[in-house]
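Peer 1: With the input below, show me the fold.
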Amino acid sequence: MITGIEVLKFGVEDREVAKTFLNDFGLTAKSTSIENTDLFETQNGCQIYLFDIEDARLPQAIEAGSTLREVTWGVEHQQDFEQLKVNLANEPGYEATAGRIQCIDPNGMTIVFEKTITRDVSLAKTEGINQFANVQRINAASPVYEKAEPVDIGHVVFFTSDLAKTQAFYIEKLGFYLSDAYTNRGAFLRCRGEGFHHDLFLLSIPNKPAGLNHVAFVVRDIHEVIGGGLSMNRQQWSTFIGPGRHPISSAYFWYVNSPLGGAFEYYTNDDYLTEAWQPREEEHRLELFTEWAIEGGLDHETRRQVKPA
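Peer 2: The predicted model follows:
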């Protein structure tokens, strides 16, 4: 079984700026044995590597400028690893060793499969939210966060110029499940039958070539979404959109513009699905993307919407 995204490698134009961003975003700097790179981790051990944009060790980019260059998916069992070798043997860029498989997906992105490296962080859970007839927090206040500390890499979103072909690759070759879809516009895919709403979203926009849209990081609760976004505002990083909520997945979000390419998202509360779930197909509409959202974010001092200058 594929467990999820575990390693992301970026080629960036300015590693110092990228390092500052990742630190402010709440990731933890770690030592690395890969020369001339920087490494950051989430709480559960997912890894973000920074390479200089011209580093010859990186795969070819799918777009110009700073961007994501390689995605590593964790694999839980050896039998799954062996099946992936069979399924991917004829794909472009295929390489396989005892513990690593690599190929290029139809969108041009280099994808890698290795044994899972993440660790259990179940103790990071919070008390929960009190709702009508569902009391989860007793004699305890909800937390307030000075900054976020992302738990996990939740999903990646790519623009694609061939939605049907790329979607079919992930379902037929890798065993992904379709969670929901926008007709001829997007596919929300999860890597396991039972799991959170999506690990990968493929987005097709007319005349838009392949590229990175955003990388999303799981945080513990909605209060950490807010605390993380306010902290990034305090550090002078600009908000793309948020806070807000996605009806299609139920998740609360806050997107911050990233010097690594695209945006970085804090999110929580996405739907948890099983194989009994029946995918929904809808025409793409604004109200499916956002039930509500604040453009430009919240100001950390006034706690009100950031107003255009």
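
Peer 1: rest of the way, CA atoms for contacts and neighbours
Peer 2: OK.

Peer 1: List the strands paired with the strand or helix carrying residue 241, with their directions.
Peer 2: Per DSSP states H and E, residue 241 falls inside strand 239-245. Using DSSP bridges, strand 239-245 pairs in its sheet with strand 252-257 (antiparallel), strand 292-293 (antiparallel).

Peer 1: Flag every buried residue along that strand.
Peer 2: Within strand 239-245, the residues scored as buried using 16 or more other Cα atoms under 10 Å are 239, 240, 241, 242, 243, 244, 245.

Peer 1: chain center to that strand, what's the gap?
Peer 2: Centre-to-centre, strand 239-245 and its host chain are 15 Å apart (Cα atoms, centre = their mean, to the nearest Å).

Peer 1: Could you export the buried residues of strand 239-245 as a markdown table, including pLDDT and distance to residue 214?
Peer 2: Converted to a markdown table, those look like this (pLDDT from 0 to 100; distance: Cα to Cα, whole Å):
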| residue | pLDDT | distance to residue 214 |
| --- | --- | --- |
| 239 | 95 | 13 |
| 240 | 94 | 11 |
| 241 | 94 | 12 |
| 242 | 94 | 14 |
| 243 | 97 | 15 |
| 244 | 97 | 16 |
| 245 | 97 | 16 |
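
Peer 1: tell me the SS of residue 38?
Peer 2: Secondary structure, DSSP: H, G, I helix; E, B strand; the rest coil: residue 38 is strand.

Peer 1: For it, list the residues it contacts.
Peer 2: Residues near residue 38 by Cα atoms under 8 Å, 6 or more residues apart in numbering: 19, 29, 30, 31, 32, 49, 50, 51.

Peer 1: Going by distance to residue 132, which of these wins?
Peer 2: Distance ranking of these against residue 132, using Cα to Cα, places residue 29 first at 41.2 Å.

Peer 1: Could you verify my assumption that that closest one touches residue 41?
Peer 2: Yes. With contact defined as Cα atoms under 8 Å, residue 29 counts as touching residue 41 (6.6 Å).

Peer 1: Which one's more surrounded, these two?
Peer 2: Of the pair residue 29 and residue 41, residue 41 is the one with more neighbours under other Cα atoms under 10 Å, namely 24 against 16.

Peer 1: my guess is the more buried one contacts residue 30, does it?
Peer 2: Yes. Here residue 41 lies in contact with residue 30, judged by Cα under 8 Å, at a distance of 7.1 Å.

Peer 1: list the contacts for residue 179?
Peer 2: 187, 188, 189, 190, 197, 198, 277, 278, 279, 280 are the contacts of residue 179 under Cα under 8 Å, 6+ apart.

Peer 1: Any chance of JSON lines for those, columns neighbour count and secondary structure?
Peer 2: Below are the contacts of residue 179 laid out as JSON lines (neighbours: other Cα atoms under 10 Å; DSSP: H, G, I helix; E, B strand; the rest coil):
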{"residue": "187", "neighbour count": "25", "secondary structure": "strand"}
{"residue": "188", "neighbour count": "24", "secondary structure": "strand"}
{"residue": "189", "neighbour count": "23", "secondary structure": "strand"}
{"residue": "190", "neighbour count": "27", "secondary structure": "strand"}
{"residue": "197", "neighbour count": "28", "secondary structure": "coil"}
{"residue": "198", "neighbour count": "27", "secondary structure": "coil"}
{"residue": "277", "neighbour count": "14", "secondary structure": "coil"}
{"residue": "278", "neighbour count": "11", "secondary structure": "coil"}
{"residue": "279", "neighbour count": "12", "secondary structure": "coil"}
{"residue": "280", "neighbour count": "12", "secondary structure": "strand"}
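
Peer 1: Can I get those residues in a markdown table including pLDDT and distance to residue 88?
Peer 2: Shown next, in a markdown table, are the contacts of residue 179 (pLDDT from 0 to 100; distance: Cα to Cα, whole Å):
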| residue | pLDDT | distance to residue 88 |
| --- | --- | --- |
| 187 | 98 | 21 |
| 188 | 98 | 22 |
| 189 | 98 | 19 |
| 190 | 98 | 19 |
| 197 | 98 | 25 |
| 198 | 98 | 22 |
| 277 | 98 | 27 |
| 278 | 98 | 27 |
| 279 | 98 | 26 |
| 280 | 97 | 29 |
